[in-house]
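1. the sequence isn't on hand, but the structure is:
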């Protein structure tokens, strides 16, 4: 079984800091600016036969979403290149990009992301238990500080 990894953003220099979860971990140090980032690991994961995510070790929130593990910026760049090339390829570059996207979608794993602080969790055994991204939930968390306590939106 592969190790679960957690990637957080350093509040000081905005660089990515990656670590492996452990119950005894109380902080991580940014390798760029040496800023100490406190963690709350004792309630964040349920340690047992399989480690399960309970709450975010950075912000202690329980609101998460899952998505494919693909860099969004690269996806946008590929689309722009395919769109520009479509002038000379009569749209075939967009078809090729669609086939590449279909191939990658079937191969890539899923990551879980905290709505509040954007902490990324890779290789979680319970990733499928989280819902896909919800725009309304994201807006209510980011812009009004709403806490759903892991329950999601109920309409």
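-> Alright, I've got the coordinates. Everything quoted here is computed from the prediction, not taken from an experiment.

2. how much distance is there from the worst-scoring helix or strand of the chain on mean pLDDT to the middle of the chain?
-> Sorting the helices and strands of the chain by mean pLDDT, DSSP states H and E puts strand 45-46 at the bottom, at a mean of 75. With CA atoms, centre = their mean, to the nearest Å as the basis, strand 45-46 stands 18 Å off its chain's centre.

3. elements contacting it?
-> strand 52-53 (3 or more CB pairs under 8 Å, 6 or more residues apart in numbering; DSSP states H and E). C-beta coordinates here come from the backbone N, C-alpha and C atoms, glycine included.

4. show me what the strand it packs on packs onto, helices and strands only.
-> Strand 52-53 packs on strand 45-46, going by 3+ CB pairs under 8 Å, 6+ apart.

5. just to revisit the earlier point, which strands border the least confident helix or strand of the chain, and is each parallel or antiparallel?
-> strand 52-53 (antiparallel) (DSSP bridges).

6. assign residue 149 to helix, strand or coil.
-> At residue 149 the chain is in coil, as set by DSSP: H, G, I helix; E, B strand; the rest coil.

7. so it makes contact with residue 55?
-> No - contact criterion CB atoms under 8 Å: residue 149 and residue 55 do not qualify, at 9.5 Å.

8. dump the residue contacts of residue 150.
-> Shown in contact with residue 150 (CB atoms under 8 Å, 6 or more residues apart in numbering): 55, 62-64.

9. hmm, which of those residues is lowest in pLDDT?
-> Lowest pLDDT among these: residue 55, with 89.

10. residue furthest from the geometric center of the protein?
-> residue 88 (36.3 Å; CA atoms, centre = their mean).

11. give me the distance from the helix or strand containing it to the chain's centre.
-> Under the criterion of DSSP states H and E, residue 88 resides in helix 72-89. On the basis of CA atoms, centre = their mean, helix 72-89 sits 24 Å off its chain's mean C-alpha point.

12. who touches the next helix or strand after that helix?
-> On the C-terminal side of helix 72-89, the closest following helix or strand by DSSP H and E is helix 92-107. Outside helix 92-107, the residues that touch it by CB under 8 Å, 6+ apart are 68, 70, 75, 78-79, 81-83, 85-86.

13. how about low-confidence regions in this structure?
-> Residue ranges of the chain with pLDDT under 70: 1-2, 47-49, 155.
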